[in-house]
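Peer 1: when you get a sec, could you give me coordinates for this:
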Amino acid sequence: MKVTIIATRSCNHRVNLEKELNDLGVAYELVFAEENPEIVARHAIRHSPNIVVDDHVVCRGQLSEGELRALLKSGE
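Peer 2: The predicted model follows:
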């Protein structure tokens, strides 16, 4: 499972999302929207942050740690 966070540099929720993924032991890639317009267009990104699992957007916005855990567990 490949997890990617797509966020803007100014996104206030990104730091919390990264902490939650780290706490859960989930490896992820961080992609900044400003530097990757092709990814933004491909996934129709309009808000930040977004979670992409195996090239599919599974969440747009901030989740609680419990919601994040359930989401990633269902994607295994």
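
Peer 1: how about low-confidence regions in this protein?
Peer 2: 75-76 (pLDDT under 70).

Peer 1: what segments of it are helices?
Peer 2: Counting by DSSP state H, residue ranges of the helices within the chain are 14-24, 37-42, 65-74.

Peer 1: and the last one, what does it pack onto?
Peer 2: This points to helix 65-74. helix 14-24, strand 50-53, strand 56-60 (3 or more C-beta pairs under 8 Å, 6 or more residues apart in numbering; DSSP states H and E). Using the backbone N, CA and C atoms, a C-beta is placed for each residue, glycine as well.

Peer 1: return the most buried member of the ones you listed.
Peer 2: Scoring the helices and strands packed on helix 65-74 by mean neighbour count under mean count of other C-beta atoms under 10 Å gives strand 50-53 as the most buried, with a mean of 22.

Peer 1: only the C-alpha atoms, please, for that strand, written as CSV.
Peer 2: The C-alpha coordinates for strand 50-53 follow below in CSV (Å, rounded to 0.1, in the frame of the first residue of the first chain):
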residue,chain,number,x,y,z
ASN,A,50,-5.7,14.8,0.7
ILE,A,51,-4.8,11.2,1.3
VAL,A,52,-4.0,9.1,-1.8
VAL,A,53,-3.7,5.3,-1.4
